[in-house]
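Chemist: Quick one: sequence and predicted model below, then my questions.
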Amino acid sequence: MNKRNKLILLTALVVAAIIVLSQSIYIVNETQQVVITQFGRPIGDAITEPGLQFKTPFVQKANFFEKRYMEWDGDPNQIPTKEKKFIFVDSYARWQITDPLQFYKRLTNERGAQSRLDDIIDGETRDQVASHSLEEVVRNTNRQADTTAKISEIIEDSLARIKVGRQKIQNMIQEKANEETKDLGIEILDFRFKRINYVEDVRQRVYDRMKSERIRIADKFRSEGEGEASRINGEKERELNQIQSEAYKEAETIKGKADAEAARIYADAYNRSSRAIELYSFIKSMETFSNTFDSTTTVILSTDSDLFKYLKSMD
C-alpha cells in the first residue's frame with residue numbers, strides 16, 4: 001500500500017471515528033430533558049440532569065424535550081352560558097413536561113401535546129362556562145349598591161349575586177384538565193381567561209340597553225334638575241319680595257322719623273322767627289315813638305294799635 005492510499009485510509013478512519021463519536025455523545029443543558037429510544041422504543045429512564053451523556057451510535061436516538069414552562073394559547077370559542085347567552089371566550093394556560101418518558105410514550109412531541117391540550121382545555125372550558133351564569137364567569141366578588149342611588153338606575157346585571165366567581169371557575173378548569181393530563185406526563189400550571197366578550201348580535205343588544213338606560217337616567221336627572229331650578233327660582237322671588245317689603249317698611253319708617261324731625265325743626269324755627277318779628281316791631285315802634293312825640297304831644301290811639309299795646313304794657 002503506497003503512501004497515498006495510507007493517507008486516504010487514515011483520513012477515512014478519522015472521519016468515521018468523528019461520526020461515531022458524534023453519534024455516541026450528546027449534551028443535555030439546564031433547559032432540556034432527554035428520552036433515549038432504540039429503534040423507536042424508549043429505553044431506560046429519562047435524563048433530566050444537565051451534562052455530557054453517551055448512547056449507542058446509530059442504534060439509539062436522543063429525544064430532547066423542554067424542561068421550562070411552556071405556553072398554551074387557545075383560539076376564541078363561542079360558548080353559551082347557563083342562561084344561554086353566547087359569548088366569545090379566549091383563554092391561555094402554562095404547562096410543563098413533568099414525566100418525559102410518559103410524555104414521549106403518549107404524545108411523542110410538543111406539537112402532539114399542544115393538540116391534545118386544545119381538546120382537553122377547550123372541552124373543560126366549554127363545560128364550566130356552560131354550567132355557570134355570565135356574571136359568575138366575568139366577576140370575582142359581589143358588588144354593593146350605592147345607598148345614595150336607586151337600584152333602578154343601575155343595570156341589574158352588575159348587582160347580581162355570585163356564588164362561585166371567575167377565579168374559582170378558572171381553578172376548576174385547571175383541576176379538571178390536570179385530571180385528564182396526569183397520564184400524559186404533563187401538568188397544567190396555570191389557566192386564565194384572557195378575554196371574554198359577547199357575540200356580535202348579543203353585544204349590540206347590550207349596547208342598546210346600556211344606551212337606553214343611560215338616556216333614561218339622564219332624562220331623570222334633567223327633570224330633577226329643572227324641578228330644583230324652579231324651586232330655587234321660586235325661593236329667590238319669595239326672598240326678593242320679602243327683602244323689598246322689609247326695605248320699603250324700613251324706608252317708610254325712616255321717612256316718617258325724618259318728617260317728624262323736620263316738622264319739629266320747622267316749629268322751632270317758626271317760634272324763633274315769631275319772637276324776632278315781635279322784637280323788630282317793638283324796636284320800630286319805639287323809634288317811631290321817639291321821633292314823633294315829645295312832652296307836649298297829644299295823640300289819640302286805637303286800642304288795636306301796636307303803639308297803644310306797647311304803651312299799655314309799660315304801665
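Modeler: Perfect, thanks for sending it. No experiment lies behind these values; they were computed from the predicted model shown.
Chemist: use CA for all of it now, contacts and neighbours both
Modeler: Fine.
Chemist: what are the ranges of the strands in the chain?
Modeler: 25-28, 32-38, 41-42, 51-54, 60-66, 70-73, 77-80, 86-97, 186-198 (DSSP state E).
Chemist: What pairs with the longest one, parallel or antiparallel?
Modeler: By that I understand strand 186-198. Sheet pairing of strand 186-198 (DSSP bridges) gives strand 86-97 (antiparallel).
Chemist: Need the CA coordinates for the strand it pairs with. PDB is fine.
Modeler: Backbone C-alpha positions of strand 86-97 (Å, rounded to 0.1, in the frame of the first residue of the first chain) are rendered in PDB as follows:
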ATOM      1  CA  PHE A  86     -73.500  33.300  23.800                       C
ATOM      2  CA  ILE A  87     -70.000  34.700  24.500                       C
ATOM      3  CA  PHE A  88     -66.500  34.500  23.000                       C
ATOM      4  CA  VAL A  89     -64.000  33.100  25.400                       C
ATOM      5  CA  ASP A  90     -60.300  33.400  24.700                       C
ATOM      6  CA  SER A  91     -58.100  31.600  27.200                       C
ATOM      7  CA  TYR A  92     -54.400  30.700  27.800                       C
ATOM      8  CA  ALA A  93     -52.500  28.300  30.100                       C
ATOM      9  CA  ARG A  94     -49.000  27.400  31.100                       C
ATOM     10  CA  TRP A  95     -47.900  23.800  31.200                       C
ATOM     11  CA  GLN A  96     -44.700  21.700  31.800                       C
ATOM     12  CA  ILE A  97     -43.500  18.300  31.000                       C
END
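Chemist: Give me the mean pLDDT for it.
Modeler: For strand 86-97, the mean per-residue pLDDT is 93.
Chemist: and that strand, which residues are buried?
Modeler: Neighbour counts over strand 86-97 (16 or more other C-alpha atoms under 10 Å) mark 86-93, 95-97 as buried.
Chemist: closest one to residue 114 among the strands of the chain?
Modeler: strand 70-73 (6.9 Å; C-alpha to C-alpha).
Chemist: out of the strands of the chain, which comes closest to residue 180?
Modeler: strand 186-198 (9.7 Å).
Chemist: Which residues does that closest one contact?
Modeler: The contact list for strand 186-198 (C-alpha atoms under 8 Å, 6 or more residues apart in numbering) reads 85-99, 103, 138, 170-171, 173-174, 177-178, 181, 203.
Chemist: pLDDT score for residue 113?
Modeler: Per-residue pLDDT puts residue 113 at 93.
Chemist: sorry, that was for residue 314
Modeler: Residue 314 is given a pLDDT of 59.
Chemist: for the stretch 1-150 of the chain, which spans come out with low pLDDT?
Modeler: 1-2, 16-17, 20, 22, 143-150 (pLDDT under 70).
Chemist: Try it again at 90.
Modeler: Counting by pLDDT under 90, the ranges of the stretch 1-150 of the chain that qualify are 1-27, 39-42, 44-45, 51-61, 74-78, 83-88, 108, 133-150.
Chemist: just the stretch 151-300 of the chain next, same as before
Modeler: For the stretch 151-300 of the chain (pLDDT under 90), the answer is 151-165, 182, 196-231, 233-300.
Chemist: Kindly recompute the last result at 80.
Modeler: Scanning the stretch 151-300 of the chain for pLDDT under 80 picks out 151-161, 199-210, 259, 262-300.
Chemist: would CSV of the strands of the chain with distance to residue 298 be doable?
Modeler: Shown next, in CSV, are those (distance: least, C-alpha to C-alpha, whole Å):
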stretch, distance to residue 298
strand 25-28, 170
strand 32-38, 166
strand 41-42, 179
strand 51-54, 171
strand 60-66, 163
strand 70-73, 151
strand 77-80, 146
strand 86-97, 142
strand 186-198, 138
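Chemist: Of those, which is nearest residue 118?
Modeler: strand 70-73 (8.2 Å).
Chemist: got the contact list for that closest one?
Modeler: By C-alpha under 8 Å, 6+ apart, the list of residues contacting strand 70-73 from outside reads 91-96, 114, 117.
Chemist: switch to 10 Å and redo it
Modeler: 90-97, 110, 113-115, 117-118, 121, 188-191, 194 (C-alpha atoms under 10 Å, 6 or more residues apart in numbering).
Chemist: Return the distance of residue 243 relative to residue 256.
Modeler: 20 Å (C-alpha to C-alpha, to the nearest Å).
Chemist: try residue 241
Modeler: 22 Å.
Chemist: what does residue 166 give?
Modeler: 83 Å.
Chemist: More neighbours: these two, which one.
Modeler: residue 166 (21 against 12; other C-alpha atoms under 10 Å).
Chemist: Compute the distance between the closest residue to that one other than its chain neighbours and residue 200, please.
Modeler: Sequence neighbours aside, residue 137 is the residue nearest to residue 166 in space, at 4.7 Å (criterion: C-alpha to C-alpha, 6 or more residues apart in numbering). Residue 137 is 18 Å from residue 200, where distance means C-alpha to C-alpha.
Chemist: what's the angle between the helix ranked longest in the chain and strand 86-97?
Modeler: Taking DSSP state H as the criterion, the chain has its longest helix at helix 200-292. Interaxial angle of helix 200-292 relative to strand 86-97 (axes from the mean of the first three to the mean of the last three C-alpha atoms, to 10 degrees): 110 degrees.
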